[in-house]
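In: The amino acid sequence is not available; the structure is as follows:
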């Protein structure tokens, strides 16, 4: 039987809250082994760039981070992957430079509409928990990450800034949504309805849709499965 040929692609993966490019090492290794080019930038103020975190770091800062990678590396025909909150960043980036993109993939990600913030999509109950964390342990502007020594604080402003989606060319880009079906069972369970809603919206809009039997932290619980699905989805 003839094997299906998978074309070589360029992936740029946008991580989620409290994370960094380090989370995507295993997924990137699988993709590179298949001949793909992969970039896993860390957003300003997170991961190894945590020393840059200030109250002014917001959504626009993170959008500029990704635009900077696309422009500095002169990347074209890119498969832009947004994970979790990274879905908001990648959506905004698509409306700034759709000509550089080939496909949008959302991995258990927040998908905003024009004028929405991540906070709007997450909803009042989830944001009440997040804002409480920021008030009690983050000086009112940082959302503390899990105390494991690797995850770092996330700027609250990046969650509350709203996106402007006004480029019709971005709407023509092919889109895929990958839903991780093992939902949160800790305090983050307040985000489960928002993620389920984003998945349902993607299906209603006719996007390509896949499910993975992994946790939301798919970079940890299913990097090989995700890498295989990213290749076929794109």
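Out: Looks like it came in fine. Since the structure is predicted, the reported quantities are computational estimates derived from the model, not experimental observations.
In: Enumerate every residue touching the closest residue to residue 192 other than its chain neighbours.
Out: Among residues not flanking residue 192 along the chain, residue 183 sits closest, at 4.7 Å (C-beta to C-beta, 6 or more residues apart in numbering). Any C-beta I mention is one placed from the backbone N, CA and C, and that applies to glycine too. Applying C-beta atoms under 8 Å, 6 or more residues apart in numbering, we find residue 183 in contact with 189, 192, 195-196, 216.
In: Just those residues: which are in helices?
Out: The helices, defined by DSSP state H, take in 192, 195-196 from the contacts of residue 183.
In: Now list the buried members of those.
Out: residue 195 (16 or more other C-beta atoms under 10 Å).
In: Let's have the contacts of residue 183 in TSV, adding distance to residue 42 and pLDDT.
Out: TSV is the format used below for the contacts of residue 183 (distance: C-beta to C-beta, whole Å; pLDDT from 0 to 100):
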residue	distance to residue 42	pLDDT
189	27	88
192	27	94
195	23	96
196	28	96
216	19	95
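In: Backbone dihedrals for the residue nearest to residue 192, please?
Out: Backbone torsions for residue 183, taken as degrees, to the nearest 10, come to phi -80, psi 170.
In: And it, what's its pLDDT?
Out: Residue 183 carries a pLDDT value of 93.
In: now do residue 233
Out: The model's pLDDT for residue 233 equals 87.
In: check contacts around residue 189.
Out: Neighbour list for residue 189: residue 183 [criterion: C-beta under 8 Å, 6+ apart].
In: scratch that, residue 40 is what I was asking about
Out: Contact partners of residue 40, counting by C-beta under 8 Å, 6+ apart, are 12-13, 15, 21-25, 28.
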